[in-house]
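**Q** let's see this in three dimensions:
(one chain, ligands or ions: 1)
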Amino acid sequence: MTIYFYKSWQPYGCFSNFSPHGITIEGIYWPAVEHYYQAQKFLGTKDKYIINAIHNAKTPEEAAALGRHPGYKVRPDWESVKINVMRKVVLEKFNTHKEIREILLSTGKEILVENSPTDYFWGCGASKSGQNNLGKILMDVRSKSLKNLILKPLAIS
Ligand SMILES: Nc1nc(O)c(N)c(N[C@@H]2O[C@H](COP(=O)(O)O)[C@@H](O)[C@H]2O)n1
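**A** Take a look at the predicted model:
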């Protein structure tokens with residue numbers, strides 16, 4: 001059975017990047033994955049001042065609106081780095097928060113899909129045929145977490 005998730009208040013909402021699970025990366029605390037992800041778009045650009053506003057955004061929706069604003073210039077390598085940016089921050093989220101790591105592990109081998117009606121890159125889009133890159137990252141994180149769970153007791157003995 002495929003597990004669909006999207007909004008943070010819906011079933012499996014903790015898989016959404018908008019869920020309120022803070023992370024610390026390179027010593028800086030971010031209120032949600034979405035804040036960090038959107039801010040990375042502007043590293044080293046003339047619009048880098050917007051990073052602070054994204055960091056301080058009251059909600060992930062506000063962070064996303066700032067990061068998607070067509071008036072700000074995204075870094076030129078964004079398309080080639082965004083998957084790795086997302087991989088790093090989503091892994092950190094599930095390493096940090098044990099309760100949602102357990103929910104992720106409880107999904108076993110089910111396929112996870114971000115059921116965004118508009119996003120064909122991170123989600124499946126309205127046609128359900130999108131790339132679902134967020135779902136793929138979550139399934140990778142799930143495999144890594146499972147390996148850690150199996151290897152940890154072995155390391156102790
Ligand atoms: N608009 C919206 N609302 C949500 O609740 C979502 N989970 C998403 N999806 C996330 O949007 C991010 C992509 O943003 P860009 O289009 O690259 O600016 C990514 O975190 C998706 O998972 N969207």
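
**Q** close to the ligand: what parts of the chain are there?
**A** Counting by C-beta under 6 Å from any ligand atom, the residues of the chain close to the ligand are 6-7, 16-18, 34, 37, 64, 67-68, 114, 116, 119, 122, 134. Placement of C-beta: from N, CA and C, glycine included.

**Q** can you turn the buried part of these into a PyMOL selection?
**A** Typed into PyMOL, the line below selects the buried ones among those, using 16 or more other C-beta atoms under 10 Å:
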select buried, resi 6+16+17+18+34+37+64+67+114+116+119+122+134
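
**Q** pull out the buried positions in stretch 75-95.
**A** So, applying 16+ other C-beta under 10 Å, buried residues of stretch 75-95: 75, 82, 85-86, 88-94.

**Q** could I get the residues you listed as a markdown table with secondary structure?
**A** Below are the buried residues of stretch 75-95 laid out as a markdown table (DSSP: H, G, I helix; E, B strand; the rest coil):
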| residue | secondary structure |
| --- | --- |
| Arg75 | coil |
| Lys82 | helix |
| Val85 | helix |
| Met86 | helix |
| Lys88 | helix |
| Val89 | helix |
| Val90 | helix |
| Leu91 | helix |
| Glu92 | helix |
| Lys93 | helix |
| Phe94 | helix |
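
**Q** so of the residues of the chain next to the ligand, which ones are in helices?
**A** 34, 37, 64, 67, 134 (DSSP state H).

**Q** okay if I get the residues you listed as TSV plus distance to Gly27 and pLDDT?
**A** Output for those, formatted as TSV (distance: C-beta to C-beta, whole Å; pLDDT from 0 to 100):
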residue	distance to Gly27	pLDDT
Glu34	20	98
Tyr37	18	98
Ala64	24	98
Gly67	22	98
Leu134	26	98
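
**Q** and which of those is nearest Asn52?
**A** When these are compared for distance to Asn52 (C-beta to C-beta), Gly67 wins out at 12.7 Å.

**Q** for the closest one, give me its contacts.
**A** Shown in contact with Gly67 (C-beta atoms under 8 Å, 6 or more residues apart in numbering): 37-39, 41-42, 54.
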